[in-house]
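In: heads up, no residue letters with this:
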């Protein structure tokens, strides 16, 4: 049952996810306030993507509880899904469709009424600077254009939360800056909550109101970027991150664990 009086739009308590005896997420708890930009940082294999997939109903927790916009993903999946938009780490748009067709398909999927659909699509494509490209096939788009289209698509149903899993991975600095300008505008002008992961730690220092650092499936530190820098006696958030997680190269890959789990579910 929704209780919109809560100041928190995301609540995770004692969250656990295991894959064949391996604990990818180990009893983590955190809360995200409405209208907050929240960075979820960690090395490869730390549990970031696994956590996002539990928050967005793609994976069922092994233990613990979640509330998204005061709805329980285990019991109210449709209400949870209507509460968020998501930009995945891997591209999920259809390259054989035009920008407009991708937007329209997603609008239909999320039940956006036919009366409002056209105006919303136009507004969002203009917002991300793709209106002039609306009739072009996505396979002709650059990486930055595809990323902007994915963000626009994730906003078509006016979600309360935008999940971004490595939204600027592999993009040039100019495109990264442009995308973050769009995201910041949404947060400031619409009050949209943003939950994101990134390996570009300077993005988190610049954009995030709160940061949680996860390593080996456990949250090891949380605070504002300034609080984390002060607590580690470092000069910036990247140095603080390395101080907390170490400097060794990681071999684990949580994305592969997730893919293995999904393949097992498909075979069943």
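Out: Structure's in. What do you need? Remember, it's a predicted structure, so these values are computed and weren't measured experimentally. Numbering: from 1, shown residues only.
In: do you have the strands of the stretch 101-250 of the chain handy? List them.
Out: In the stretch 101-250 of the chain, the strands defined using DSSP state E, counting those that start in this stretch lie at 161-165, 193-197, 210-215, 218-223.
In: report the distance from the second one to the chain centre.
Out: Computed by Cα atoms, centre = their mean, to the nearest Å, the chain-centroid distance of strand 193-197 equals 5 Å.
In: same thing with the third one?
Out: Relative to its chain's centre, strand 210-215 lies at 14 Å (Cα atoms, centre = their mean).
In: returning to that earlier point: tell me which of the strands of the stretch 101-250 of the chain sits nearest to residue 246.
Out: strand 210-215 (8.2 Å; Cβ to Cβ). Backbone N, C-alpha and C define where each C-beta goes, glycine included.
In: by contact count, what packs against that closest one?
Out: Packing contacts for strand 210-215, counted by 3 or more Cβ pairs under 8 Å, 6 or more residues apart in numbering; DSSP states H and E, involve strand 22-33, strand 37-41, strand 218-223, helix 225-232, helix 237-245.
In: run through who's touching the fourth one.
Out: Counting by Cβ atoms under 8 Å, 6 or more residues apart in numbering, the neighbours of helix 225-232 from elsewhere in the structure are 204-205, 208, 211, 213, 221, 223, 235-237, 239-241, 243-244.
In: again, only this time at 7 Å
Out: For helix 225-232, the surrounding residues in contact (Cβ atoms under 7 Å, 6 or more residues apart in numbering) are 204-205, 208, 211, 221, 223, 236-237, 240, 243-244.
In: out of those, who's nearest residue 66?
Out: Lowest distance from residue 66 to the contacts of helix 225-232 (Cβ to Cβ) belongs to residue 211, with 19.9 Å.
In: quick one on the thing from earlier: with distance to residue 151, neighbour count and pLDDT added, can I get the contacts of helix 225-232 in JSON lines?
Out: JSON lines is the format used below for those (distance: Cβ to Cβ, whole Å; neighbours: other Cβ atoms under 10 Å; pLDDT from 0 to 100):
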{"residue": "204", "distance to residue 151": "18", "neighbour count": "25", "pLDDT": "97"}
{"residue": "205", "distance to residue 151": "21", "neighbour count": "20", "pLDDT": "98"}
{"residue": "208", "distance to residue 151": "17", "neighbour count": "22", "pLDDT": "98"}
{"residue": "211", "distance to residue 151": "21", "neighbour count": "24", "pLDDT": "98"}
{"residue": "221", "distance to residue 151": "29", "neighbour count": "19", "pLDDT": "97"}
{"residue": "223", "distance to residue 151": "27", "neighbour count": "15", "pLDDT": "98"}
{"residue": "236", "distance to residue 151": "27", "neighbour count": "13", "pLDDT": "98"}
{"residue": "237", "distance to residue 151": "23", "neighbour count": "25", "pLDDT": "98"}
{"residue": "240", "distance to residue 151": "28", "neighbour count": "27", "pLDDT": "98"}
{"residue": "243", "distance to residue 151": "32", "neighbour count": "16", "pLDDT": "97"}
{"residue": "244", "distance to residue 151": "30", "neighbour count": "17", "pLDDT": "97"}
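In: show me the two of these that sit farthest apart.
Out: Largest pairwise distance in those, by Cβ to Cβ, is 17.6 Å, between 208 and 243.
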